[in-house]
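Novice: Sequence first, predicted model second:
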Amino acid sequence: MGEIWLNKNNWNDKDEYYTPSILVEPILKYLKPNSTIWCPFDTKESEFVILFKEAGHKVIYSHIWLGQDFFEYEPDEHYDYIISNPPFTKKYEILDRLYELDKPFAMILGIPVLNYQVVGEYFFNKQREGIDLQLLIVDKKISFDGNTASFNNSFFCYNVLPKQIIFEHLAHNNSRTHFIPSRMMDSQRLYRYPQTGY
Ligand SMILES: C[S@@+](CC[C@H](N)C(=O)[O-])C[C@H]1O[C@@H](n2cnc3c(N)ncnc32)[C@H](O)[C@@H]1O
């Protein structure tokens, strides 16, 4: 592990959303058993890391707080998938790097990104290269903080799903009385402000 990443000027609070387990669950059944999964924006408390391990997969996690910048770091060992919820403010650069790495990936993005012309053009150009976008769309607007979510977050995938668009049913939207936060939400203060303690 690298040293803890402390430069507070580089924080972007828009990127600090931690995925609840109900939104990780729908991807599980599409993963080959006993896979190795790289979660590149995650600590050991991430619901991706916890649920993938519980499902019998091997997980490699990395995070900029641990000195592992996604744009520079790649695990040495073999891995089968790259799966996470990326920092939204860097979504284009992250998609570029993901396609460059050329491994099956599933990344959570807000469905409203499809409203941006630049995103439409991005995926149209990929399609022209023979690379189809796959979408795993959940039927609820999942809340990350207990309040009603204003848009749907779902999985944008490459070479993971058996077909291009799949809808998944979720029991509830994780808001109000249903709210169960990600365990990464609790632990993030320790990484972000280590000098203040937990
Ligand atoms: C939207 S959050 C999601 C966290 C976790 N994947 C989850 O879903 O619970 C994205 C995380 O990526 C981290 N991050 C931002 N830039 C990064 C980079 N270049 N490399 C690795 N992690 C980064 C942010 O600090 C943030 O914690």
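Specialist: Ah, there it is.

Novice: Please make it C-alpha for all contacts and neighbour counts, starting now.
Specialist: OK.

Novice: how close does the closest residue to the ligand within the chain sit to residue 54?
Specialist: Going by Cα to the nearest ligand atom, the ligand is nearest to residue 18 of the chain, at 3.3 Å. As judged by Cα to Cα, to the nearest Å, residue 18 and residue 54 stand 19 Å apart.

Novice: If you count surrounding residues, which of those two has more?
Specialist: Neighbours were counted for residue 18 and for residue 54 using other Cα atoms under 10 Å; residue 18 has more, 22 against 10.

Novice: how about the residues of the protein near the ligand?
Specialist: Residues of the chain lying near the ligand by Cα under 6 Å from any ligand atom: 15-19, 40-42, 46, 63-64, 68-71, 84-87, 184.

Novice: Weed out the non-buried ones from these.
Specialist: Those of the residues of the chain next to the ligand that meet the buried threshold are 17-19, 40-42, 46, 63-64, 68-70, 84-87, 184, by 16 or more other Cα atoms under 10 Å.

Novice: In strands only, show me those residues.
Specialist: Of these, the ones assigned to strands by DSSP state E are residue 84.

Novice: Among the buried ones among the residues of the chain next to the ligand, which are located in helices?
Specialist: Of these, the ones assigned to helices by DSSP state H are residue 184.

Novice: What about residue 96, how many residues nearby?
Specialist: Residues near residue 96, counting by other Cα under 10 Å: 12.

Novice: Ramachandran angles for it?
Specialist: phi -60, psi -50 (degrees, to the nearest 10).

Novice: tell me the contacts of it?
Specialist: Neighbour list for residue 96: empty [criterion: Cα atoms under 8 Å, 6 or more residues apart in numbering].
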